[in-house]
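Chemist: build me a structure from this.
(one chain, ligands or ions: 1)
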Amino acid sequence: MQILDGTLVSAHIKEQIKQEVIDWQAQGGKKPHLAAILVGNNPASEAYVGSKVKSCESLGFDSTLLRFNEDITEAFLISEVNRLNDDEAVDGILVQLPLPRHISPDAVINAISPAKDVDGFHPISQGKMMLGQPTFLPATPYGIMLMLEHYNINIDGLHCVVIGRSNIVGTPMTILLSRNTTPGNATVTLCHSRTKKLKEIVQQADLIVAAIGKPYFVTADMVKKGAIVIDVGINRIDDATKKSGSRLVGDVDFDNVAPLCSYITPVPKGVGPMTICGLMKNTLLAAKQKAQVSVGS
Ligand code: GUN
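Modeler: You can find the predicted model right below:
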C-alpha cells in the first residue's frame with residue numbers, strides 16, 4: 001500500500017508554478033492576481049480561504065480577500081462580482097461556497113466572467129470540460145487528476161466508482177476520469193444517495209472516489225483488495241483527546257481500508273493540498289490568457 005501524499009505532490013507542483021511565475025515576469029508578464037470572496041464566518045470556509053490566500057503569497061501571486069457579512073443581499077454580492085469582473089488588475093475570482101441560504105450559488109457563479117472563473121464552476125467552464133475543450137477545470141477534480149498523473153497511476157480501462165454527485169466534485173470527476181486523456185479512459189459509475197446496492201457496486205471498483213461528506217462512509221467490507229482509494233471528505237468530528245476537542249476525518253475509514261489498497265489518500269494532507277494546486281494553476285493560466293487577449297486586442 002502506498003500513501004498518495006498531497007503535501008509532497010503539492011509542494012512539487014507549487015515549485016513548478018513558482019518558477020513559471022518568475023519566468024512569466026521575466027518576459028514582462030504581471031503577477032497573477034486572485035480575488036477571493038468570503039461571506040459570513042463559517043470556520044471551515046475561513047480555513048480554506050486562508051490557505052488559498054497564503055498559497056498566493058508563497059507563489060508570488062497577488063491576492064485580495066473580500067469579506068462580507070452573512071446578511072448581505074444576493075444583488076450586492078453579484079455587484080461585487082461584477083466589479084471584480086471589470087477590474088483589470090484581477091485575473092481570477094473565487095466565491096467560497098457554501099453561501100448563506102438566501103443567496104443562490106448558481107446566480108452568483110453565473111455572474112463570474114468565464115475568463116476569470118478559476119474555480120471552474122461557471123456553466124461555460126463546465127460545458128467546455130464536458131466537451132473536452134480547453135478550460136478551467138474545477139479545482140478538486142483537477143487536483144485529483146494531477147495527483148494520479150504525478151504517481152504515474154494508469155487508470156486506463158479501470159472501473160472507477162465515484163460516490164457523491166455534487167457539481168463541484170462528484171459530477172465533474174466522472175467526466176475527467178472517463179475522458180480520452182492520460183490519466184483518463186476509465187469506465188465510470190456514479191453512486192449517490194438514491195443508489196441501490198451501493199455497497200455491491202463499490203466492491204467492484206478498481207478506483208473509488210469518496211465525495212459524500214459523511215465520516216467513515218467507506219468501510220473495509222466495501223473495498224476490493226488492491227483498489228485505489230481517493231478520499232475527498234473533510235469532516236470535523238468530536239475528539240476529546242485533542243486540545244481543540246475535534247479532528248478532521250475523511251469519508252473513508254482509513255485505518256481499516258488502507259491495508260487493502262494499492263494506493264490511498266490520507267485526510268488531512270491528501271486531496272486538500274491538491275485542490276489548492278488546481279486553483280493556483282488555473283489562476284496562472286487566467287493571468288497568461290488575459291495578457292494574450294490584451295495583446296491581441
Ligand atoms: N467549497 C468547497 N470546495 C470549494 C471549492 O473548491 N471552491 C469554492 N469556491 N468553494 C468551495
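Chemist: C-alpha from now on. contacts and neighbour counts both.
Modeler: Noted.
Chemist: what segments of this structure are strands?
Modeler: 2-3, 33-39, 62-68, 92-95, 159-163, 187-191, 207-210, 228-231, 235-238, 246-249, 263-264 (DSSP state E).
Chemist: save those strands as JSON lines, and put in mean pLDDT, distance to the ligand and mean neighbour count too.
Modeler: What follows is those, written out as JSON lines (pLDDT from 0 to 100; distance: least, C-alpha to the nearest ligand atom, whole Å; neighbours: other C-alpha atoms under 10 Å):
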{"stretch": "strand 2-3", "mean pLDDT": "98", "distance to the ligand": "23", "mean neighbour count": "13"}
{"stretch": "strand 33-39", "mean pLDDT": "98", "distance to the ligand": "8", "mean neighbour count": "22"}
{"stretch": "strand 62-68", "mean pLDDT": "98", "distance to the ligand": "13", "mean neighbour count": "15"}
{"stretch": "strand 92-95", "mean pLDDT": "98", "distance to the ligand": "5", "mean neighbour count": "26"}
{"stretch": "strand 159-163", "mean pLDDT": "98", "distance to the ligand": "16", "mean neighbour count": "25"}
{"stretch": "strand 187-191", "mean pLDDT": "98", "distance to the ligand": "19", "mean neighbour count": "19"}
{"stretch": "strand 207-210", "mean pLDDT": "99", "distance to the ligand": "14", "mean neighbour count": "26"}
{"stretch": "strand 228-231", "mean pLDDT": "98", "distance to the ligand": "14", "mean neighbour count": "27"}
{"stretch": "strand 235-238", "mean pLDDT": "93", "distance to the ligand": "12", "mean neighbour count": "14"}
{"stretch": "strand 246-249", "mean pLDDT": "93", "distance to the ligand": "15", "mean neighbour count": "16"}
{"stretch": "strand 263-264", "mean pLDDT": "98", "distance to the ligand": "20", "mean neighbour count": "22"}
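Chemist: Serialize the ones you listed to a markdown table and add fields for distance to Ala287.
Modeler: Listed next are the strands of the chain as a markdown table, based on distance: least, C-alpha to C-alpha, whole Å:
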| stretch | distance to Ala287 |
| --- | --- |
| strand 2-3 | 34 |
| strand 33-39 | 7 |
| strand 62-68 | 11 |
| strand 92-95 | 8 |
| strand 159-163 | 32 |
| strand 187-191 | 33 |
| strand 207-210 | 31 |
| strand 228-231 | 30 |
| strand 235-238 | 33 |
| strand 246-249 | 34 |
| strand 263-264 | 34 |
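Chemist: what's the closest of the ones you listed to Leu131?
Modeler: With C-alpha to C-alpha as the criterion, Leu131 lies closest to strand 187-191 of the strands of the chain, at 16.6 Å.
Chemist: hey, what's the angle from that closest one to strand 159-163? Just curious.
Modeler: Note on geometry: by axes from the mean of the first three to the mean of the last three C-alpha atoms, to 10 degrees, strand 187-191 and strand 159-163 are set 20 degrees apart in direction.
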